[in-house]
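Undergrad: this is a predicted model, with the sequence first.
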Amino acid sequence: MKALIYKGPRQVEVLEVPDAKIERPTDVLVKITTTNICGSDLHMYEGRTDVETGKILGHENLGVVIEIGNAVDRIKVGDRVCLPFNISCGFCKNCERGLTGFCLTVNPGTAGGAYGFAGMGPYSGGQAELLRVPYGDVNCLKLPPDSEDKENDYVMLSDVFPTGYHATELAGVKSGDSVVIYGAGPVGLMAAYSAQLKGASKVMVVDTHKDRLALAEKIGAIAIDDGEGNAVAQILELTKGQGADRGCECVGYQCCNQHNIEVPNLTMNNLVNSVAATGTLGVVGVFIPKDPGAEDKLAKQGQIAFDFGKFWMKGQKMATGQANVKAYNRKLRDLITADLAKPSFIISHELPLIQAPEAYKHFDARDQGWTKVVLKP
Ligand SMILES: NC(=O)c1ccc[n+]([C@@H]2O[C@H](COP(=O)([O-])OP(=O)(O)OC[C@H]3O[C@@H](n4cnc5c(N)ncnc54)[C@H](O)[C@@H]3O)[C@@H](O)[C@H]2O)c1
Ligand SMILES: [Zn+2]
Ligand SMILES: [Zn+2]
């Protein structure tokens, strides 16, 4: 099969590799029809993780089941399914509580596994023609008959739509709340969209990329261009000097200042400063325990200089981590089916898998107009 392989920093290639196959009786084999490039892939692409060379990338996957293991009984050949980026067992202590992003079975010694990802287990990704799905009955979300027409909407259920929604859950967004979101990448845009779906009264999205901010405006959010004046000051101005009720971090450890220089504590401290006293912060942007490639001394050790005193004085709360995709994907699927959500509005490019290396280059550079790439193997 053809697959996109990580070869080293800023080097990926589409190569012919051995076909993915059923390895355990609980596996399902999926022929991939759509697979996305994610901002999370860029941490690996840039050489800022310990991902091994030769890994097949891709954790945002949708396709058709072409084979099932002997112990699979819910999923059938021919089902069209979307796969949560987290791989989970369904029966461990965390999975039982719905915390499938922290499965204790699939990546022993760590909490959480995923396709094609650094530190998330031995699983190959789906930027390929075929994908092996472990615990197929647990990990396949079945799609309704309109799934071919709405494929570009349903594929967002693999990660960014549930992850954006998770950011708003971690931040405790309720109807009527004002919400600030750092990052207008796919995840930040989906957080803004989720806040709108929940009935937030005011959604403010911060970034410096005008094309991305324009998409935020398109869904009714207020665009805050950090390049045109301090974002925190702009948010305070819009919230009577008090700050937003809730805040979401959708950028992560590679966040930058207006000059595109990485300042690892910038979004977290901006969040503390632009959320009101007693407000809640939801952090889905990725932060990692070690970042040897960072310029910053603290960041090399996975630390940031966090304004803890201000955070404490304001009595704020914070929640963090991987999205438990399975906790939301069924309900968000039903919103798409009912035409009440259309997350494909973030897509800028639909390309064949073979053009993935070029797409990585543009998406990584955050080139104008490259907001989200879907690949069709
Ligand atoms: N928790 C999870 O389960 C989960 C899932 C998917 C992605 N993620 C993470 O979410 C983050 C965002 O993902 P994405 O796909 O949207 O990535 P992306 O890189 O496309 O978007 C990030 C955006 O943040 C902006 N940005 C950079 N510095 C900023 C700053 N100081 N203030 C405001 N905006 C700033 C960038 O201009 C960019 O538009 C990444 O860290 C990704 O790894 C987490
Ligand atoms: Zn992703
Ligand atoms: Zn589990």
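TA: The structure has been received and is ready for your questions. Residues are numbered from 1 along each chain as shown. Ligands and ions are numbered 1, 2, ... in the order given.
Undergrad: please count neighbours and contacts with C-alpha atoms only from this point.
TA: OK.
Undergrad: interface residues of the stretch 101-250 of the chain facing ligand 3?
TA: Remark: the part of the stretch 101-250 of the chain in contact with ligand 3 comprises C103, using Cα under 5 Å from the ion.
Undergrad: please enumerate the helices of the stretch 151-300 of the chain.
TA: For the stretch 151-300 of the chain, applying DSSP state H, counting those that start in this stretch gives helices covering 151-154, 160-170, 186-197, 210-218, 231-238, 266-274, 297-300.
Undergrad: nearest to L104, of those helices?
TA: Evaluated with Cα to Cα, the helices of the stretch 151-300 of the chain place helix 160-170 nearest to L104, the distance being 20.0 Å.
Undergrad: and P289, what does it touch?
TA: P289 is in contact with 301-303, counting by Cα atoms under 8 Å, 6 or more residues apart in numbering.
Undergrad: can I get those in a markdown table with secondary structure, distance to D41 and pLDDT?
TA: Putting the contacts of P289 into a markdown table (DSSP: H, G, I helix; E, B strand; the rest coil; distance: Cα to Cα, whole Å; pLDDT from 0 to 100) gives the following:
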| residue | secondary structure | distance to D41 | pLDDT |
| --- | --- | --- | --- |
| Q301 | coil | 21 | 95 |
| G302 | coil | 19 | 95 |
| Q303 | coil | 22 | 97 |
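Undergrad: of the residues you listed, which is the nearest to V272?
TA: Q303 (16.8 Å).
Undergrad: tell me the contacts of the closest one?
TA: P289.
Undergrad: how far away is it from Q368?
TA: To Q368, Q303 is 31 Å away according to Cα to Cα, to the nearest Å.
Undergrad: where does the protein dip in pLDDT?
TA: By pLDDT under 70, the chain contains no weakly predicted segment.
Undergrad: straight-line length of stretch 139-146, end to end?
TA: Stretch 139-146: ends 20 Å apart by Cα to Cα.
Undergrad: got it, and stretch 85-99?
TA: For stretch 85-99, the end-to-end distance is 13 Å (Cα to Cα).
Undergrad: close to ligand 1, is it?
TA: No - using Cα under 6 Å from any ligand atom, we find that stretch 85-99 stays clear of ligand 1, coming within 8.3 Å at best.
Undergrad: does that stretch reach ligand 3?
TA: Yes - Stretch 85-99 is in contact with ligand 3 by Cα under 5 Å from the ion, via 88-90, 92, 95.
Undergrad: most neighbours out of those, which is it?
TA: S88 (30 neighbours; other Cα atoms under 10 Å).
Undergrad: contacts only, for G90.
TA: Contacts of G90 (Cα under 8 Å, 6+ apart): 96, 100, 103, 138.
Undergrad: just so I know, which of the helices of the stretch 151-300 of the chain lies nearest ligand 1?
TA: helix 186-197 (3.8 Å; Cα to the nearest ligand atom).
Undergrad: in the closest one, what counts as buried?
TA: 186-196 (16 or more other Cα atoms under 10 Å).
Undergrad: near ligand 1 too, which of these?
TA: Checking the buried residues of helix 186-197 against ligand 1 (Cα under 6 Å from any ligand atom), the matches are 186-188.
Undergrad: which among those gets closest to D226?
TA: G188 (14.7 Å).
Undergrad: how much space separates the closest residue to the closest one other than its chain neighbours from ligand 1?
TA: Spatial nearest neighbour of G188, excluding adjacent residues (Cα to Cα, 6 or more residues apart in numbering): C250 at 5.1 Å. Applying Cα to the nearest ligand atom, to the nearest Å, the value for C250 to ligand 1 is 5 Å.
Undergrad: thought V180 was touching C250, still the case?
TA: No - using Cα atoms under 8 Å, C250 makes no contact with V180, being 10.5 Å away.
Undergrad: okay, the two: which has more neighbours?
TA: V180 (31 against 28).
Undergrad: what residues are up against the most centrally placed residue in the chain?
TA: Central residue of the chain (Cα atoms, centre = their mean): V160, 4.1 Å from the mean position. Contact analysis of V160 by Cα under 8 Å, 6+ apart lists 186-187, 190.
Undergrad: SS state for G47?
TA: coil (DSSP: H, G, I helix; E, B strand; the rest coil).
Undergrad: tell me, how many residues neighbour it?
TA: 15.
Undergrad: ok, and the closest non-adjacent residue to it?
TA: P9 (4.4 Å).
Undergrad: give the contact list for the one you found.
TA: 44-47.
Undergrad: K76 now?
TA: 65, 67-68.
Undergrad: that older thread, CSV please, covering the helices of the stretch 151-300 of the chain and showing distance to T337.
TA: Shown next, in CSV, are these (distance: least, Cα to Cα, whole Å):
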stretch, distance to T337
helix 151-154, 9
helix 160-170, 14
helix 186-197, 15
helix 210-218, 21
helix 231-238, 35
helix 266-274, 34
helix 297-300, 43
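Undergrad: how close does S124 get to H59?
TA: Counting by Cα to Cα, the gap from S124 to H59 is 9 Å.
Undergrad: mutual contacts of those two, please.
TA: In contact with both S124 and H59: 115-117, using Cα under 8 Å, 6+ apart.
Undergrad: reformat those as CSV; add secondary structure and neighbour count.
TA: Putting those into CSV (DSSP: H, G, I helix; E, B strand; the rest coil; neighbours: other Cα atoms under 10 Å) gives the following:
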residue, secondary structure, neighbour count
Y115, coil, 29
G116, coil, 25
F117, coil, 26
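Undergrad: could you find the closest non-adjacent residue to K2?
TA: Closest to K2 by Cα to Cα, 6+ apart is E16, at 4.6 Å.
Undergrad: burial check on the one you found, number of neighbours?
TA: 12.
Undergrad: and if you look at D153?
TA: D153, neighbours per other Cα under 10 Å, totals 21.
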